[in-house]
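[1] A predicted structure for the sequence below; I have some questions about it.
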Amino acid sequence: MNILVTGGTGYIGAHTCVSLLEAGHKVIVLDNFINSKKDIVGKIEYITNKKIQFHEVDVTDELMIDKIFSNYDLDAVIHFAGLKAVGESVIDPLKYYYNNILSTLNIAKACGKYGVFNLIFSSSATVYGENTVPFVENMELLPPINPYGYTKMMSERILMDISNSNPNFSVSILRYFNPVGAHKSGLIGELPKGNPNNIMPIITKVAKGLYDKLKIFGNDYPTNDGTAVRDYIHVVDLAEGHVAAIERLKRGTHIYNLGTGQGTSVLELVHTFERVNGVKICCEIVERRPGDIAVCYADVSKAANELGWKTKLTISDMVKDAWYFENKI
């Protein structure tokens with residue numbers, strides 16, 4: 001298949017491009033490098049020994065998106081491009097609403113115009129809000145507690161309505177949990193610009209001596225050790241979930257959780273990193289962070305049953321690969 005991947009040099013996008021290429025697909029990648037680097041294109045090609053078509057494009061630019069669609073005979077689109085920092089979305093919500101929703105509208109409009117009816121959307125477990133765990137795809141969504149979550153919920157609604165209005169559309173909405181880790185080569189991994197918002201790059205930079213300590217946001221949650229619980233998934237497993245979804249698309253809208261189905265607390269993640277890598281992580285407990293919930297993990301049975309997909313890699317694999325990547329930077 002000829003697959004357009006928006007945000008294809010980002011953390012999850014780059015790993016998915018690798019998995020798609022290894023599965024025999026061709027990829028056309030769009031990115032504006034707002035949260036990635038230009039050398040990722042070459043690294044994807046080096047890992048896979050395959051070429052990709054790349055265009056430096058901002059997906060909020062409707063005219064450029066139209067031009068890309070007119071120049072390629074596309075079979076499907078995977079739409080990753082979007083801002084994703086929960087904390088930043090609370091501080092600057094308009095930036096998130098503009099970027100994330102407009103990019104989805106532009107992609108959906110182009111898909112309809114050019115008859116590209118196979119679409120996978122990069123969503124998030126944040127759409128569940130403060131729901132009862134495990135999160136199940138058919139449960140009623142509660143209001144997200146941050147603007148980032150609302151942008152994902154609104155984008156999901158847009159794609160559902162488009163699919164309902166046009167029976168030709170096959171839309172898979174993939175709700176991610178917490179991706180960590182890196183490719184086994186150490187060439188691609190999580191490398192945000194500026195100060196990291198996610199936990200693993202902070203842990204690895206503390207381990208490397210670049211940061212003094214890891215700030216843990218709250219130890220008074222109703223969990224075993226008081227720290228927040230998340231469903232951490234290896235980014236390579238997550239990438240393979242996209243390959244499974246693209247190869248099993250069917251008419252209508254279908255929603256899948258991509259996670260492990262297991263919750264791990266922040267302290268458990270830190271202790272696993274220390275044990276596996278033999279490095280001590282200095283931590284400081286600080287106040288809770290706005291927009292965070294206490295416990296979040298997935299029911300992953302639907303993805304297993306309908307996509308034939310389940311995770312293979314463990315928390316130990318995640319921390320080992322993340323540390324290897326950090327030391328290759």
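    Now that the structure is in, tell me what you want to look at.
[2] buried residues in the helix or strand of the chain with the lowest mean pLDDT?
    Across the helices and strands of the chain, mean pLDDT, DSSP states H and E gives its lowest value to helix 86-91, namely a mean of 88. Going by neighbour count (16 or more other C-beta atoms under 10 Å), the buried part of helix 86-91 is 86, 88-90. Bear in mind the C-beta positions are built from the backbone N, C-alpha and C, glycine included.
[3] Who are the packing partners of that helix?
    Where contact means 3 or more C-beta pairs under 8 Å, 6 or more residues apart in numbering; DSSP states H and E, helix 86-91 is packed against helix 93-96, helix 147-165.
[4] between the buried residues of helix 86-91, which is closest to residue 54?
    Nearest to residue 54 among the buried residues of helix 86-91, counting by C-beta to C-beta, is residue 88 at 26.4 Å.
[5] Quick one: residues contacting the closest one.
    By C-beta atoms under 8 Å, 6 or more residues apart in numbering, the contact set of residue 88 is 95-96, 197.
[6] before we move on, the earlier item: so how far is the least confident helix or strand of the chain off the chain centroid?
    17 Å (C-alpha atoms, centre = their mean, to the nearest Å).
[7] again, but for stretch 56-65
    20 Å.
[8] what do you get for stretch 296-315?
    Chain-centre distance of stretch 296-315: 15 Å, with C-alpha atoms, centre = their mean.
[9] between the helix or strand where residue 172 lies and helix 147-165, how many degrees?
    Assigned by DSSP states H and E, residue 172 belongs to strand 170-176. Strand 170-176 runs at 160 degrees relative to helix 147-165, counting by axes from the mean of the first three to the mean of the last three C-alpha atoms, to 10 degrees.
[10] Does anything pack onto strand 170-176? Which helices or strands?
    Strand 170-176 packs on strand 118-124, helix 147-165, helix 235-246, strand 252-258, going by 3+ C-beta pairs under 8 Å, 6+ apart.
[11] Figure out which of the ones you listed is closest to residue 136.
    strand 252-258 (7.7 Å).
[12] tell me the mean pLDDT for that closest one?
    For strand 252-258, mean pLDDT rounds to 98.
[13] Pull out the buried positions in that strand.
    Across strand 252-258, burial judged by 16+ other C-beta under 10 Å covers 253-258.
[14] again, but for stretch 135-152
    Within stretch 135-152, the residues scored as buried using 16+ other C-beta under 10 Å are 135-137, 144-152.
[15] Could you give the number of residues near residue 329?
    Neighbours of residue 329 under the rule other C-beta atoms under 10 Å: 11.
[16] Need the three-state assignment for the nearest residue to it once chain neighbours are set aside.
    Nearest residue to residue 329, sequence neighbours excluded (C-beta to C-beta, 6 or more residues apart in numbering): residue 191, at 6.9 Å. At residue 191, secondary structure determined by DSSP: H, G, I helix; E, B strand; the rest coil is coil.
[17] Would you check that residue 27 makes contact with residue 55?
    No - at 11.6 Å, residue 27 and residue 55 do not qualify as touching, with contact defined as C-beta atoms under 8 Å.
[18] What helix or strand is the closest residue to residue 211 other than its chain neighbours located in?
    Excluding the flanking residues, the one nearest residue 211 by C-beta to C-beta, 6+ apart is residue 205, at 4.6 Å. Per DSSP H and E: residue 205 is located in helix 199-207.
[19] Give me the contacts around that helix.
    Against helix 199-207 from outside (C-beta under 8 Å, 6+ apart): 180-181, 190-192, 196, 211-215, 266, 269-270, 273, 277, 279, 281-282, 318-319, 322-323, 325-326.
[20] same thing with stretch 305-312?
    233-234, 237, 240-241, 244-245, 248, 254, 256, 258-260, 300, 303-304.
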